[in-house]
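1. sequence? don't have it. structure:
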């Protein structure tokens, strides 16, 4: 319940701080987004990145792969649900078959045997499902700790969180141990990408925003997004208004 209230509170605060501004129309909340981004970046620099770097150095690659497989297998359950909700029934069946084979033959998912059997790993979530149903992305949004999102994807993340199978694990220590391990593994997998971001971007915030929005658009349309309409300039609008 605490996490639910926190999530709702974050969205309410950001919505209340909305500012139209003169910047990117996709990012009307840029001033407050940049402040949250700075907080996240500091937290990452002093906590998440050092922990992930240490984990990568200490834990052998083969073990990290098994950890990645284990959590990926758990994720296949609701990846399948989202494929069904999007009308991609063949992919949904494939996701659940992956989960069945990896959970049994693959020993609770630590061995990704389903991949060798030809069952492709997919990437679906409730934010993508909302997008496939026609919901627009809404304003770009930086969530505390979680990072880049949009209003639609933030709501989708809330559903993802509430339906996460790890929520059913007990006792308390085991639950948060698994959650922490997944977070560390995920951050370790992004170490190379974060180095590229540090080296390539003059404005990391803008670079990350544009990359995120483009990637999410591609995911929603399975790599085949429709061509975006060019915004009309002021002279065109004035001409039409006559």
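-> Noted; the coordinates are in hand. Just so it is clear, the model here is predicted, and its values are computed rather than measured. Numbers count the residues shown, from 1 in each chain.

2. what pLDDT, on average, does stretch 125-136 get?
-> Here stretch 125-136 scores 96 as its mean pLDDT.

3. Quick check: buried residues in that stretch?
-> 125-132, 135 (16 or more other Cβ atoms under 10 Å). For every residue, glycine as well, the C-beta is placed using N, CA and C.

4. following the worst-scoring helix or strand of the chain on mean pLDDT, which helix or strand comes up?
-> None of the helices or strands of the chain scores lower by mean pLDDT, DSSP states H and E than helix 2-16, at a mean of 42. For helix 2-16, the following helix or strand on the C-terminal side (DSSP states H and E) is helix 30-43.

5. Quick check: mean pLDDT of whatever helix or strand comes next after that following helix?
-> With elements assigned by DSSP H and E, the helix or strand that comes after helix 30-43 is helix 49-58. For helix 49-58, mean pLDDT is 96.

6. what's next to helix 49-58, contact-wise?
-> Contacts with helix 49-58, where a contact means Cβ atoms under 8 Å, 6 or more residues apart in numbering, come from 64, 184-185, 187-188, 190-191, 194.

7. and what of stretch 96-110?
-> So stretch 96-110 is in contact with 66-67, 69-74, 76-77, 80, 111-115, 117, 119, 121, going by Cβ under 8 Å, 6+ apart.

8. End to end on that stretch, go ahead and measure it.
-> Using Cα to Cα, to the nearest Å, the end-to-end distance of stretch 96-110 comes to 16 Å.

9. List the buried residues for that stretch?
-> Quick answer for stretch 96-110 (16+ other Cβ under 10 Å): 96-99, 101-103, 106, 109-110.

10. Take the residues you listed and keep only those in helices.
-> Judged by DSSP state H, the subset of these located in helices is 96-99, 101-103.

11. re earlier: what is the nearest of the contacts of helix 49-58 to residue 45?
-> Residue 45 lies nearest to residue 194 out of the contacts of helix 49-58, by Cβ to Cβ, at 10.0 Å.

12. which residue sits closest to the closest one in space, ignoring its chain neighbours?
-> What sits nearest to residue 194 in space, not counting adjacent residues and going by Cβ to Cβ, 6 or more residues apart in numbering, is residue 49, at 7.1 Å.

13. Report how many residues lie close to that neighbour.
-> Neighbours of residue 49 under the rule other Cβ atoms under 10 Å: 17.

14. now do residue 198
-> Neighbours around residue 198, by other Cβ under 10 Å: 9.

15. Please name the residues that touch it.
-> Going by Cβ under 8 Å, 6+ apart, the list of residues near residue 198 reads residue 204.

16. What distance do you get for it to residue 192?
-> 11 Å (Cβ to Cβ, to the nearest Å).

17. Tell me the confidence at residue 232?
-> Looking at residue 232, its pLDDT stands at 53.

18. From residue 113, how far off is residue 222?
-> Taken as Cβ to Cβ, the span from residue 222 to residue 113 is 25 Å.

19. correction: residue 148
-> Taken as Cβ to Cβ, the span from residue 148 to residue 113 is 33 Å.

20. Looking at those two, which one has more neighbours?
-> Comparing residue 148 with residue 113 by other Cβ under 10 Å, the one with more neighbours is residue 148, at 20 against 17.

21. quick one: the more buried one is in a helix?
-> No: looking at residue 148 with DSSP: H, G, I helix; E, B strand; the rest coil, it is strand, so not inside a helix.

22. which non-adjacent residue is nearest it?
-> Per Cβ to Cβ, 6+ apart, closest to residue 148 is residue 212, 4.0 Å.
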